[in-house]
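A.B. asks: With the input below, show me the fold.
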Amino acid sequence: MYHDHRNRRRVFRQNLGEMISQVQYRKDSVVINKDGRAVAALIFLGRVVLAREQRAQAREQRLHVRGEQARLQAREQVLRGEPRVDRR
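C.D. replies: Below you'll find the predicted structure:
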């Protein structure tokens, strides 16, 4: 049993460099399995950064739209002569 684990670790270490190159140069992802189950992944960091930037932009866009909607509602209230409620 001990030698089997040592052998698995040796093979993993030998393949790790190849897996990192695959991720780095092909901008690919690699899933690492242990006992037939996915336990880790190597992913291209550029994709993570891009996904974070896209989420931040989407959030900012939603906030902008909400602000515009609030301004339009306030303008409509003023035009209808309704009292303005200050929420500060």
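A.B. asks: pLDDT below threshold where in this protein?
C.D. replies: Of all residues in the chain, those with pLDDT under 70 make up the ranges 1-2, 84-88.
A.B. asks: Where is the longest helix in it?
C.D. replies: Among the segments of the chain that qualify as a helix by DSSP state H, the longest is helix 45-80.
A.B. asks: Now find how far off-centre that one is within its chain.
C.D. replies: Relative to the centre of its chain, helix 45-80 is centred 19 Å away, using Cα atoms, centre = their mean, to the nearest Å.
A.B. asks: same deal with stretch 10-27?
C.D. replies: The chain centre lies 23 Å from the centre of stretch 10-27; the measure is Cα atoms, centre = their mean.
A.B. asks: Buried residues, it. List them.
C.D. replies: For stretch 10-27, the neighbour count (16 or more other Cβ atoms under 10 Å) marks M19, Q22, V23 as buried. For every residue, glycine as well, the C-beta is placed using N, CA and C.
A.B. asks: Present those residues as CSV; the columns should include distance to Q54 and secondary structure.
C.D. replies: Shown next, in CSV, are the buried residues of stretch 10-27 (distance: Cβ to Cβ, whole Å; DSSP: H, G, I helix; E, B strand; the rest coil):
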residue, distance to Q54, secondary structure
M19, 26, helix
Q22, 24, helix
V23, 20, helix
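A.B. asks: Domain-wise, how is the protein divided?
C.D. replies: 1-43, 45-88 (automatic domain parsing).
A.B. asks: Wait, S29 touches L42, no?
C.D. replies: Yes. Using Cβ atoms under 8 Å as the test, S29 is close enough to L42 to be in contact (6.7 Å).
A.B. asks: what do these two both touch?
C.D. replies: V23 (Cβ atoms under 8 Å, 6 or more residues apart in numbering).
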